[in-house]
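1. When you get a sec, could you give me coordinates for this:
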Amino acid sequence: MSHERVIKALMNLGLTPEDADVYVHLERQGPQKARNIREALKMQDQHLYRCLKSLKNKEIVDFTPEHPAEFSAIPFEKALDLLIKAHLKESQNIEQEKEEILSQWRSIISKSST
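-> Now for the predicted structure:
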């Protein structure tokens, strides 16, 4: 699978292009400090830290408590499993919301026809 295909797959599962780049970099290069990631990916600090926070919230990147922190990615297969599971849950929530909205719509329609 090409690098571009991996990035696209991660984007289809909810990552931004930048998040995907950071994740793939960490997974391929191993644990790194933000400075090293920033230099390798030529990212501004604010974008990098936004990506790292997003990836941490998705539980596919972790960091050490010391300062400066060292960031690491969970294995790719495990990250895919987590992202797919989150994507499926989001789809289920949308499906449940759809039923509620349709119910409310039917209520509005029936009131307007009387």
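
2. Going by C-alpha atoms from here, please, whenever you check contacts or count neighbours.
-> Fine.

3. Break down the protein into its strands, ranges please.
-> With strands called from DSSP state E, the chain shows them at 32-33, 61-63, 70-73.

4. From His87, how far off is the nearest residue to Asp21 once chain neighbours are set aside?
-> In this structure, Asp21 finds its nearest non-sequential neighbour in Ile7, 6.9 Å apart by Cα to Cα, 6 or more residues apart in numbering. Ile7 sits 16 Å away from His87, going by Cα to Cα, to the nearest Å.

5. Tell me which of the two has more neighbours.
-> Using other Cα atoms under 10 Å, the more surrounded residue of Ile7 and His87 is Ile7, with 20 against 15.

6. pLDDT wise, what is that one at?
-> As predicted, Ile7 sits at a pLDDT of 93.

7. That one and Asp19 touch, don't they?
-> No: if you go by Cα atoms under 8 Å, Ile7 and Asp19 don't touch, sitting 9.2 Å apart.

8. To Tyr23, which of the strands of the chain lies closest?
-> strand 70-73 (6.3 Å; Cα to Cα).

9. So for the closest one, mean pLDDT?
-> Here strand 70-73 scores 97 as its mean pLDDT.

10. sorry, back to before: the residue nearest to Asp21 and Cys51, how far apart?
-> Counting by Cα to Cα, the gap from Ile7 to Cys51 is 14 Å.

11. and if you look at Arg28?
-> Per Cα to Cα, Arg28 is found 17 Å from Cys51.

12. Compare those two (neighbour count), which wins?
-> Per other Cα under 10 Å, whichever of Arg28 and Cys51 has more neighbours is Cys51, with 22 against 13.

13. what sits against that one?
-> Taking Cα atoms under 8 Å, 6 or more residues apart in numbering as the criterion, Cys51 is in contact with 18-19, 22.

14. rerun at 7 Å
-> Cys51 makes contacts with 18-19, as judged by Cα atoms under 7 Å, 6 or more residues apart in numbering.

15. residues in contact with stretch 22-42?
-> With contacts defined as Cα under 7 Å, 6+ apart, stretch 22-42 is touched by 44-45, 48, 68-73, 75-76.
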